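> Here is my input; please provide its structure:
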Amino acid sequence: MSIERNHLLSVFNGLLQPERFKDYGPNGLQVEGKSEIRRIVSGVTASRALIEAAIDAKADAIFVHHGLFWKGMDGRITGWLKERIRLLMAHDINLFAYHLPLDAHPELGNNAQLGVKLGVQGQAAFGDQNLGWLADVDFANATALTEHVQTVLGRKATLVSGDVQKPVRKLAWCTGGAQGFFESAIAAGADAYITGEISEPQMHLAREMGVSFIAAGHHATERYGAPAVVAHVASECGLEHQFIEIDNPA
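The predicted structure is shown next:
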């Protein structure tokens, strides 16, 4: 089976509702390719490696969380950007990208899917645009929680423990580069906060506020939403779907 490009775009938009979000770049179709789509690849970032893998997989479309265009770019199609776009256009491949809408979807999004992987159920939202998630949990301490996160994600996480003895009863998380949500997580009553990255100020806040901070990897925390969304849509629309993992230690 196949689906017309604009029909598929309307399906993605209907599911993810990008109009609800104030975002850092365009959501939806970023590069137009062939009009009929049968095979779609999902991935985290529209890197050259992912595009080349999609070409090898004979994909008609790629769906990612991190697209090619962001606010503040100077607009010139040169260097790495020119090469990625050249590959997409040479092979007539559509590129769909959804950033905050993919983080936020209540069942298929990055935060929801990370919760599923960790075995925790989000019960409330916090932070800018309600992107952060909160859940009641039961971990002996932040070290036990970090070990669980590392086992699930298959990579080492950075823990700054606010209180090594304190049980973790309320967990906050927001995938990717959401270290700036830490103060909102503290205000929401979290005992620990999980995101992808840590910056210098969060170490001090964790120690001073007694709330643990776990940086588990930007890529590692955001590799579940895109395949979940596309698997759902592919099943409904009769498309072939393949998730392609491009390893990234960041």
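
> Adjacent strands (with direction) for the longest strand along the chain?
Assignment by DSSP state E gives strand 132-139 as the longest strand of the chain. Looking at strand 132-139 with DSSP bridges, its paired strands and their directions are strand 124-126 (antiparallel), strand 168-173 (antiparallel).

> Report the buried residues of that strand.
Buried residues in strand 132-139, counted by 16 or more other C-beta atoms under 10 Å: 132, 133, 134, 135, 137, 139. C-beta here means a position set from N, CA and C on the backbone, and glycine is covered the same way.

> tell me which of the residues you listed is nearest to residue 145?
Ranked by distance to residue 145 (C-beta to C-beta), the buried residues of strand 132-139 are led by residue 139 at 4.3 Å.

> My guess is the closest one contacts residue 146. True?
No. Taking contacts as C-beta atoms under 8 Å, residue 139 lies outside contact range of residue 146: 9.1 Å.

> Any idea which helix or strand in this protein has the lowest mean pLDDT?
Lowest mean confidence among the helices and strands of the chain (mean pLDDT, DSSP states H and E): strand 124-126, at a mean of 95.

> buried ones in that one?
The neighbour-count criterion (16+ other C-beta under 10 Å) identifies 125, 126 as the buried residues of strand 124-126.

> if we can go back for a sec, need the strands paired with strand 132-139 in a markdown table with distance to residue 50, can you?
A markdown table is the format used below for these (distance: least, C-beta to C-beta, whole Å):
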| stretch | distance to residue 50 |
| --- | --- |
| strand 124-126 | 30 |
| strand 168-173 | 25 |
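
> now the longest strand of the chain, how far from the chain's geometric center?
Computed by C-alpha atoms, centre = their mean, to the nearest Å, the chain-centroid distance of strand 132-139 equals 19 Å.

> Which SSE is immediately downstream of it?
Towards the C-terminus, the helix or strand next in line after strand 132-139, according to DSSP states H and E, is helix 142-153.

> in that next one, what counts as buried?
Under the neighbour-count criterion of 16+ other C-beta under 10 Å, helix 142-153 has 142, 145, 146, 148, 149, 150, 153 buried.

> quick one: it to chain centroid distance?
Once both centres are worked out by C-alpha atoms, centre = their mean, helix 142-153 turns out to sit 19 Å from its chain's centre.

> Quick one: work out the angle between that helix and strand 132-139.
Counting by axes from the mean of the first three to the mean of the last three C-alpha atoms, to 10 degrees, helix 142-153 lies at 110 degrees to strand 132-139.

> Averaged pLDDT, helix 142-153. What do you get?
Rounded to a whole number, the mean pLDDT of helix 142-153 is 98.

> Kindly report the same for stretch 198-209.
For stretch 198-209, the mean pLDDT works out to 97.
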